[in-house]
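Engineer: here is my input; please provide its structure:
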Amino acid sequence: MTVLPPRTSVLIVGGGLVGLSAGLFLQRLGVPFILVEKNEGVSLLPRARGIHLRTMELFRQIGVEDAVKAATATAWKQGGFGGARRGRTLMDAQSIVDVSTMRVKMAAAGASPSSFGACPQTLIEPVLRQHLEARGGDVRFGHELVSFVESGDAVVATVRGRDGQETVVEATWLLGADGGRSFVRRQLGIGMIETPAPQHLLNIFFRADLAEAVEGRTFSQCEIANEKVRGLFLAMNNTDMWSFHLECDPLQGPPADSELPDLVRAAIGLDDVDIEILSHGAWSTGVSIAQRYRLGPRLSVRRRGAFDAAVGRLQCDHRHCRCAQSRVEDRRYIAR
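Structural biologist: Sure thing, here's the model as predicted:
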């Protein structure tokens, strides 16, 4: 194993929205860092779909607001972010929240030069990564933190690369941005305060051409309940990219992958539509909060755990957005 001289100031563990934002804030302040992420690329499963006003203001400070806005401009091919519907299927769902009302609330009435950005997380993270790497950030995807110990005034971490080779990294600070099942948090012995999960869902991200089906009746969220499925559609562009959050029985577990296209069709209300499943992941609507966020020179920076809060199906996307924004905003203050 090779020790990298000199040691870095901050070792960021996690290359999602939180870790990438932390790197950009540190970079702006001239603080050296190394970011490691065990996956080869950014998330393929959209969770948050919007960037709230305060976060856009912070992105403006670090020079990425325009790029995020550009990504936002490509996200909505028909209609826009706003509006909620409810029905037995997507095809017969009726409007329950007016589009214009939601957009006025999100616009903040011109209180800032920035504005709400309606853009899925899957489009935002590549923008942040591109800017971080273009500015010379030491970003290492395909590298996993396997252990760390505190030694004097440093944290000594072992990182395994995609080729299996292990490297020792010394850092003044260790920043854990590795999600609700955080390896950093678990290794530090930091517990979680959890509330029971009233709902268990499967986030199904899929491609299907529904442009004609929703023409003139586009939406942001659509609640579905029939004899086959219950859940919530989240529009990604109101044409061909969608998520369906399928309610599942926790005792039975999620359905098999082979069942997903037919379940999505049952929610849409069309038997002959082509469905391409892009990714999926289980989650629940309980709340999980770390008992503490710092232990010596080690910081755990995910404000909420794996079970990001959701109160009611029609609020789940808003809560995902708020959780994402709060973590980005926390990174800015930590960097300072």
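
Engineer: now do the strands in the stretch 51-200 of the chain.
Structural biologist: Here the stretch 51-200 of the chain has its strands, by DSSP state E, counting those that start in this stretch, at 84-87, 94-97, 117-118, 138-141, 144-151, 154-160, 166-176, 192-194, 200-207.

Engineer: in CSV: those, plus distance to residue 285.
Structural biologist: Quick note: C-beta positions are derived from backbone N, CA and C, even for glycine. Supplementary listing: those in CSV, determined by distance: least, CB to CB, whole Å:
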stretch, distance to residue 285
strand 84-87, 17
strand 94-97, 20
strand 117-118, 23
strand 138-141, 30
strand 144-151, 29
strand 154-160, 34
strand 166-176, 24
strand 192-194, 12
strand 200-207, 7
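
Engineer: of those, which shows the lowest average pLDDT?
Structural biologist: Between these, the lowest average pLDDT goes to strand 117-118, which shows a mean of 80.

Engineer: wasn't residue 262 part of a helix?
Structural biologist: Yes: note on residue 262: a helix contains this position according to DSSP: H, G, I helix; E, B strand; the rest coil.

Engineer: which of the residues in stretch 27-36 are buried?
Structural biologist: Neighbour counts over stretch 27-36 (16 or more other CB atoms under 10 Å) mark 27, 33, 34, 35, 36 as buried.

Engineer: which of those residues sit farthest apart?
Structural biologist: When these are compared pair by pair using CB to CB, the farthest-apart members prove to be 27 and 36, with a separation of 15.8 Å.

Engineer: quick one: which of the strands of the stretch 51-200 of the chain is nearest residue 17?
Structural biologist: Put simply, out of the strands of the stretch 51-200 of the chain the one that sits nearest residue 17 is strand 117-118, at 12.7 Å, with distance taken as CB to CB.

Engineer: helices or strands next to the closest one in the packing?
Structural biologist: Strand 117-118 sits against strand 50-51, helix 65-75, with contacts defined as 3 or more CB pairs under 8 Å, 6 or more residues apart in numbering; DSSP states H and E.

Engineer: and the last one, what's its mean pLDDT?
Structural biologist: Model confidence over helix 65-75 averages 85 on the pLDDT scale.

Engineer: ranking the strands of the stretch 51-200 of the chain by burial, who's on top?
Structural biologist: Across these, the average number of neighbours (mean count of other CB atoms under 10 Å) peaks for strand 117-118, which reaches a mean of 22.

Engineer: all the helices of the stretch 151-300 of the chain, residue numbers only.
Structural biologist: Residue ranges of the helices in the stretch 151-300 of the chain, as given by DSSP state H, counting those that start in this stretch, are 183-188, 260-268.

Engineer: how near is residue 179 to residue 275?
Structural biologist: Distance of residue 179 to residue 275, given as CB to CB, to the nearest Å: 28 Å.

Engineer: go on, residue 71?
Structural biologist: With distances defined as CB to CB, the gap from residue 71 to residue 275 amounts to 25 Å.

Engineer: from the chain's centre, how far out does stretch 177-197 sit?
Structural biologist: The chain centroid and the centroid of stretch 177-197 are separated by 17 Å, computed with CA atoms, centre = their mean, to the nearest Å.

Engineer: before we move on, the earlier item: and of the helices and strands packed on strand 117-118, who's closest to residue 222?
Structural biologist: So among those, strand 50-51 is nearest, using CB to CB, at 16.4 Å.

Engineer: other SSEs contacting that closest one?
Structural biologist: With contacts taken as 3+ CB pairs under 8 Å, 6+ apart, strand 50-51 sits against strand 117-118, helix 316-335.

Engineer: which one of the ones you listed has the lowest average pLDDT?
Structural biologist: Per-stretch averages of pLDDT across the helices and strands packed on strand 50-51 put helix 316-335 at the bottom, with a mean of 47.

Engineer: now do stretch 229-242: everything it contacts.
Structural biologist: For stretch 229-242, the external contacting residues (CB atoms under 8 Å, 6 or more residues apart in numbering) are 46, 49, 75-80, 90, 120, 201, 205-211, 214, 218-224, 243-247, 263, 266-267, 313-314, 316-317.

Engineer: which ones among the buried residues of stretch 27-36 map onto helices?
Structural biologist: Secondary structure of the buried residues of stretch 27-36 is defined by DSSP state H; positions in helices are residue 27.

Engineer: got the buried residues of stretch 27-36 as CSV, with distance to residue 153 and pLDDT columns?
Structural biologist: Below are the buried residues of stretch 27-36 laid out as CSV (distance: CB to CB, whole Å; pLDDT from 0 to 100):
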residue, distance to residue 153, pLDDT
27, 23, 96
33, 17, 96
34, 17, 96
35, 21, 97
36, 21, 97
